[in-house]
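J.: Quick one: sequence plus predicted model below, questions after.
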Amino acid sequence: MKLIIAIIRPEKLAAVQAALTEHEAYLMSFSEVLGDGREPSRTGIYRGVEFHVRWPKLRLEIVVEDWLVEGAVETIIRAGSAGDSRQIGDCKVLVMQLDEYVASVIANEDRWSLQPDVEAP
């Protein structure tokens, strides 16, 4: 299995999710991230102090089978790009090998057994 990490623009999330769903990559998580890459930052002034505003991005994390990786990466790049211009900061994709994948599921009986024994009043 492989872990695909993609950094995309927030406005492209719906398009990337729809494209990946068509490509049979259903399960993903995403979070908002800020970075300092090659994309130029904006400069703002707040109460007389100058500061740099970084563009918000989304980080997608997707676990897929090996045979889905190439198609999923192409799908992310196609759906996550801002058009033909290929702007800086458009879309970045990283693929990593997963040595182990564990889905933890705790049954109700086991969950309660983790609690300390307390006598009922």
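T.: In hand now; what should we look at?

J.: Just name the shakiest helix or strand of the chain by mean pLDDT.
T.: The helix or strand of the chain with the poorest confidence is helix 108-113; it has a mean of 47 (mean pLDDT, DSSP states H and E).

J.: Please work out the average pLDDT along stretch 49-67.
T.: Taken as a whole, stretch 49-67 carries a mean pLDDT of 85.

J.: Show me what counts as buried in that stretch.
T.: 57-60, 62-64 (16 or more other Cβ atoms under 10 Å). Where C-beta positions appear, they are placed from N, C-alpha and C, glycine not excepted.

J.: And the helix ranked longest in the chain, what does it pack against?
T.: Assignment by DSSP state H gives helix 69-80 as the longest helix of the chain. When contacts are defined as 3 or more Cβ pairs under 8 Å, 6 or more residues apart in numbering; DSSP states H and E, helix 69-80 sits against strand 2-8, helix 13-22, strand 57-64, strand 91-97.

J.: and of these, who's closest to residue 47?
T.: strand 57-64 (26.9 Å; Cβ to Cβ).

J.: chain center to that closest one: distance?
T.: 2 Å (Cα atoms, centre = their mean, to the nearest Å).

J.: List the contacts of that strand.
T.: Residues outside strand 57-64 that contact it (Cβ atoms under 8 Å, 6 or more residues apart in numbering) are 1-10, 13, 16, 20, 25, 27-35, 72, 76, 89, 98, 101.

J.: Tabulate the helices and strands packed on helix 69-80 (JSON lines), appending distance to residue 42.
T.: Compiled in JSON lines, those are given as follows (distance: least, Cβ to Cβ, whole Å):
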{"stretch": "strand 2-8", "distance to residue 42": "18"}
{"stretch": "helix 13-22", "distance to residue 42": "21"}
{"stretch": "strand 57-64", "distance to residue 42": "14"}
{"stretch": "strand 91-97", "distance to residue 42": "20"}
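
J.: in the sheet, who's paired with the spatially most central residue of the chain?
T.: Against the mean C-alpha coordinate of the chain, by Cα atoms, centre = their mean, the closest residue is residue 60 at 1.2 Å. Here residue 60 sits in beta bridges with residue 6, residue 30, going by DSSP bridges.
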